[in-house]
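[1] Generate a structure from the sequence data that follows.
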Amino acid sequence: MDLVGQERCEHIFQGVLLASLIAAFGAGWFRESIAISYMVLGAGVTLGGLLCTPNWGMFNRHPLTFASGAALEADMAAAVPEGKARAGGGKATTSR
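    From the prediction side, this is the model:
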């Protein structure tokens with residue numbers, strides 16, 4: 001799942017939860033039963049989980065591209081100048 005897909009998934013899940021919460025409140029109020037409220041809310045959470053847990057294709061429309069190994073090594077070599085590398089494998093030593 002890409003980053004845009006994660007955001008879309010979060011919005012879908014929040015919308016489903018909000019709609020099921022409103023429906024659960026209304027059904028519980030109308031039927032005067034807290035059990036009905038919990039059942040409707042549970043159905044909404046289950047629906048949200050079924051919509052958002054699998055890695056659906058609609059969440060993979062903006063794939064990330066990663067740097068190749070050669071490009072990464074070239075960038076790392078350019079970031080650390082030759083004369084600035086620490087002796088001793090990069091460990092800082094302190095003398096007292």
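[2] quick one: residue 23 from residue 34, how far?
    14 Å (CB to CB, to the nearest Å). Every residue, glycine included, has its C-beta placed from N, CA and C.
[3] Compare those two and say which is more crowded by neighbours.
    Between residue 23 and residue 34, residue 23 has the larger neighbour count (other CB atoms under 10 Å), namely 15 against 10.
[4] Give me the spatial nearest neighbour of that one, chain neighbours excluded.
    residue 40 (5.4 Å; CB to CB, 6 or more residues apart in numbering).
[5] what about the helix or strand hosting the one you found, distance to the chain center?
    Assessed by DSSP states H and E, residue 40 sits inside helix 34-52. Put simply, helix 34-52 sits 22 Å off its chain's centre (CA atoms, centre = their mean, to the nearest Å).
[6] Only alpha carbons, please: show the worst-scoring helix or strand of the chain on mean pLDDT as PDB.
    For the chain, counting by mean pLDDT, DSSP states H and E, helix 69-79 ranks last in confidence among helices and strands (a mean of 77). Extracted in PDB, the C-alpha atoms of helix 69-79 (Å, rounded to 0.1, in the frame of the first residue of the first chain):
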ATOM      1  CA  GLY A  69      22.300   0.300  -5.000                       C
ATOM      2  CA  ALA A  70      24.800   2.000  -7.300                       C
ATOM      3  CA  ALA A  71      23.000   5.400  -7.000                       C
ATOM      4  CA  LEU A  72      22.900   5.100  -3.200                       C
ATOM      5  CA  GLU A  73      26.600   4.300  -3.000                       C
ATOM      6  CA  ALA A  74      27.400   7.300  -5.200                       C
ATOM      7  CA  ASP A  75      25.300   9.600  -3.100                       C
ATOM      8  CA  MET A  76      26.900   8.300   0.100                       C
ATOM      9  CA  ALA A  77      30.400   8.700  -1.300                       C
ATOM     10  CA  ALA A  78      29.600  12.300  -2.400                       C
ATOM     11  CA  ALA A  79      28.200  13.200   1.000                       C
END
